[in-house]
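Visitor: My questions are about this predicted structure, shown below with the sequence.
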Amino acid sequence: MSVRIEPSDVADAVNRRPYAYVVTASDDGRPHLRAVVPRWSTSVAAFTVRVGTQTSRNVARAGTVTLMWPPIPSAEVVEEFDDHTVSADCNARCVSEGDSFELVATPAHAVWHRPARA
């Protein structure tokens with residue numbers, strides 16, 4: 001089951017989630033995942049986080065990433081969609097920061113998602 005989230009509401013939807021996965025695709029189409037702790041930047045209206053060389057190469061080629069925040073642990077669920085994964089498809093770019101890169105990811109489409117219940 002998926003429920004749409006307005007791109008402008010993604011930061012509020014994930015504010016209690018401690019980490020996310022950044023998902024890109026390599027040049028041969030293989031998925032590339034990394035656990036990250038993205039922060040919302042009001043100055044650029046996007047999530048920012050440091051990433052490595054492979055992620056930055058994938059972003060340079062595709063211009064997109066998916067950020068996925070896992071559900072909140074069941075013992076901590078207090079709001080309606082806490083038991084859902086948040087998935088945000090983002091327009092993205094990377095800025096060189098010496099030996100790493102800053103990913104700037106602006107949500108374009110997002111959903112709360114969970115498996116269908118039997």
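Guide: Sure, I can see it.

Visitor: Mind listing what's buried along the longest helix anywhere in the chain?
Guide: Ranked by number of residues, the top helix in the chain under DSSP state H is helix 53-62. Neighbour counts over helix 53-62 (16 or more other Cβ atoms under 10 Å) mark Thr55, Ser56, Arg57, Asn58, Val59 as buried. C-beta coordinates here come from the backbone N, C-alpha and C atoms, glycine included.

Visitor: Run me through the strand neighbours of the helix or strand following that helix, direction for each.
Guide: Using DSSP states H and E, the helix or strand that directly follows helix 53-62 along the chain is strand 64-69. If you go by DSSP bridges, strand 64-69 pairs up with strand 20-25 (antiparallel), strand 85-97 (antiparallel).

Visitor: mind listing what's buried in the longest one?
Guide: The reference is to strand 85-97. Neighbour-count burial for strand 85-97, counted by 16+ other Cβ under 10 Å, picks out Thr85, Val86, Ser87, Ala88, Asp89, Cys90, Ala92, Arg93, Cys94.

Visitor: Met68 versus the last one, what's the distance?
Guide: Read that as Cys94. Going from Cys94 to Met68 by Cβ to Cβ, to the nearest Å gives 18 Å.

Visitor: Now do the contacts for Asp9.
Guide: Ala110 (Cβ atoms under 8 Å, 6 or more residues apart in numbering).

Visitor: Next, it: secondary structure please.
Guide: The three-state label given to Asp9 by DSSP: H, G, I helix; E, B strand; the rest coil is helix.

Visitor: May I have the predicted confidence score for it?
Guide: The predicted structure scores Asp9 at 96 on the pLDDT scale.

Visitor: any idea how far it lies from Asp99?
Guide: Going from Asp9 to Asp99 by Cβ to Cβ gives 34 Å.

Visitor: Low-confidence regions, the protein specifically.
Guide: Scanning the chain for pLDDT under 70 picks out the ranges 118.
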